[in-house]
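Enquirer: build me a model:
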Amino acid sequence: MTGPHGGRWPDEVGWSGWPPRRRRPARDARALAEELADARDSPDGEARSAELERIAARADATGDDRSALGARLALIETYLLHGERWRLVEPVRRCLAAVDRRPDLLPAGGRELLSRYQRYAVEALLGSPRVGLDQARALLDDLPTGDGAVVAELRCRIADHLGDEPAARSWYERWTAATPAPADGCPECAAVRRAELLAGWGDWRAALDVLAGVGPGDCTEAPERGLAAAMLPRLRAGESHAAAAAHVRAYRRHRHERAAFPYLAAHLRFCALSGNPVRGLDVLSAQLPRLDHADDELSAMEFAAAGALVCVTAVDAGLGGRPVHRPGYGTRPAADLDVAALGAVLLDLATGLAGSFDARNGTGHQSGRVASWLADRAPAEKALADPVPLPFDVADGDWPADEGPGDAPAEDVPVPLSLALITAALDRRGDRYVVDAGDTVVGRWGEALIQVRRAGERGEILHVRTVASRRLPADRRPEAYAFCNSWNHDRLLPTAYVHDSGAELVLAGDVSTDLSHGVAPTQLDVLLEAAVRTGSAYAEPVAALP
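Expert: You can find the predicted model right below:
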């Protein structure tokens, strides 16, 4: 992902070496620009989104196209950071209309960024019934003609989502025949999406053939995403031991990562279909709290349907009386449900969500998918008599050669610092972040906007910058200096300082680590954990200043 982070371009937060900070409008037009700057710096949440929407509407009314575009770009980034892609359609549409009128509004590289947001908005159709079918198709029709592979992929996936397999297969052929471009995104992830489509059509061997060509590359989700996609095809193709090894290895990562929730349905289905209902109930019990916080309805539907299958299989295995704790959420109280009751709850949720998709789509395909997953009860019952053994006694790294990509760097072996290494470490933490066009990784942790980049001639220096959300007026400069001096006297990290933007004071901090001799993934985990923890600890007292 690329683009402004938390609604702020890199030059707005004072990276040394970046172009000069944006200029404030003339005094008679400063009010709206200052409101936008304040909204960008405000804490994440609905209040921030509502304020950005208000500023965009006011900018439209006053003819301030630049402020309107800036507010909506900040809004888009807010939605992406919080997994709310279903809300992208309208701000993306308005941004496209503004740029059509005023191409000069976008900075260098902005057109590619906006095109990427446009693709995200179209993809949101697949995840949520709250996105209108006509809205997404209109955005898809308006994608640049140069995005041939992307357009073919999206049309293929939408046709598959609607249940039109012949059309989906036709677009699949165009997708695979199209020449990929760097702007098309991660090639490893694209291959996994192709394999998932083929597996959904029952082409198990073809799916495995596609996955056989997937290497780790620079993909932050490899190899675990590919392993999750291969589990069921391997199981269906008779490669049960390789499927079990893939499940155990991939779940070690997916059980912790928030962004990995969509893959949990495959893990649950594998447990049910491999004759491992106890393992399935363990996974379901551990991951059930995440269901209430799913980013989209599709992943929630699939998790619920797969969980219902696990419960049915467990009942058949005589485990129907086992209690499973379901935490409270909203007005729903916490409860301990037996497996049979939980299965009924999950099935009701899955069928309800499938019905929402089908009502929007005008088809019955998603309801049919849920029913087909539950129809796997017969092979699941058969597997109970001859369960697939799980390789819990296999040490990490000692997996079969045909399991999938296995040449990822060892956790304790130093390697050169890279963007992929940084994002992989954040993925292991389950953090949300974006990557801008300059390869700066940006995320928001509490009151802190934290930026991570590589510095130095060879990119060998890990540079982490914290920017506190709270700003102080310029007349409080002595107080700001006193605060930073006190922090630097009492704390080692980060090194605090004051950045004077003219109208306001930005309190920031830096941590730089020379990694000329490389860094092991486990070491980088420690460095980033310390940077995020100390950066957040720095921003909190800034926010508490009177």
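Enquirer: and I450, that's in a strand?
Expert: Yes - assessed by DSSP: H, G, I helix; E, B strand; the rest coil, I450 belongs to a strand.
Enquirer: next, count neighbours for it.
Expert: Applying other Cβ atoms under 10 Å, we find 27 residues neighbouring I450. Heads up, the C-betas are built off the backbone N, CA and C, glycines and all.
Enquirer: same deal with the one 3 residues further on?
Expert: Burial of R453 is recorded as 21 neighbouring residues (other Cβ under 10 Å).
Enquirer: for it, helix, strand, or coil?
Expert: strand.
Enquirer: so how far is G459 from the closest residue to it other than its chain neighbours?
Expert: Nearest residue to R453, sequence neighbours excluded (Cβ to Cβ, 6 or more residues apart in numbering): T440, at 4.4 Å. T440 is 12 Å from G459, where distance means Cβ to Cβ, to the nearest Å.
Enquirer: which one of the two is surrounded by more residues?
Expert: The neighbour comparison of T440 against G459 (other Cβ under 10 Å) goes to T440, with 22 against 16.
Enquirer: model confidence score at that one, please.
Expert: According to the prediction, T440 has pLDDT 86.
Enquirer: and if you look at P25?
Expert: So, for P25, pLDDT stands at 44.
Enquirer: doesn't V498 lie inside a helix?
Expert: No - read with three-state DSSP, V498 is strand and lies in no helix.
Enquirer: one step back: how much space separates the residue nearest to R453 from Y329?
Expert: The spacing between T440 and Y329, counted by Cβ to Cβ, is 36 Å.
Enquirer: what does F270 give?
Expert: As defined by Cβ to Cβ, F270 lies at a distance of 27 Å from Y329.
Enquirer: any weak-confidence spans in the chain?
Expert: The chain contains residues with pLDDT under 70 at 1-30, 44, 145-146, 181-184, 214-219, 392-412, 437, 501-502.
Enquirer: what sits against the residue of the chain most remote from its centre?
Expert: For the chain, the residue at maximal distance from the C-alpha centroid (Cα atoms, centre = their mean) is P478, at 41.2 Å. Contacts here follow Cβ atoms under 8 Å, 6 or more residues apart in numbering; on that basis P478 touches nothing.
Enquirer: burial check on L126, number of neighbours?
Expert: Neighbourhood size, L126 [other Cβ under 10 Å]: 17.
Enquirer: and the spatially closest residue to it that is not a sequence neighbour, what is it in contact with?
Expert: In this structure, L126 finds its nearest non-sequential neighbour in H161, 5.2 Å apart by Cβ to Cβ, 6+ apart. The contact partners of H161, by Cβ under 8 Å, 6+ apart, come to L125, L126, F357, N361, H365, Q366.
Enquirer: SS state for H161?
Expert: Here H161 is recorded as helix under three-state DSSP.
Enquirer: now A420
Expert: Following three-state DSSP, A420 is assigned to helix.
Enquirer: just checking, it touches T220?
Expert: Yes - between A420 and T220 there is a contact under Cβ atoms under 8 Å: 6.2 Å.
Enquirer: the more surrounded of these two?
Expert: T220 (22 against 15).
Enquirer: in this structure the more buried one contacts L421, no?
Expert: No - T220 lies out of contact with L421 (Cβ under 8 Å); the separation is 9.2 Å.
Enquirer: which phi and psi does the spatially closest residue to V278 that is not a sequence neighbour have?
Expert: Computed as Cβ to Cβ, 6+ apart, the closest residue to V278 that is not its neighbour in sequence is L319, at 7.1 Å. Per-residue torsions, L319: phi -110, psi 20 (degrees, to the nearest 10).
Enquirer: repeat that for P333.
Expert: Main-chain torsions, P333, degrees, to the nearest 10: phi -80, psi 160.
Enquirer: ok, it - how many residues close by?
Expert: Using other Cβ under 10 Å, P333 has 9 neighbouring residues.
Enquirer: dump the residue contacts of it.
Expert: By Cβ under 8 Å, 6+ apart, the contact list for P333 is empty.
Enquirer: same question, V413
Expert: Taking Cβ under 8 Å, 6+ apart, one finds A520 in contact with V413.
Enquirer: does it sit in a helix, a strand or a coil?
Expert: Assignment for V413 (three-state DSSP): coil.
Enquirer: ok, so what distance separates it from P521?
Expert: 8 Å.
Enquirer: repeat that for A250.
Expert: Counting by Cβ to Cβ, the gap from A250 to P521 is 17 Å.
Enquirer: this completes my enquiry, with thanks.
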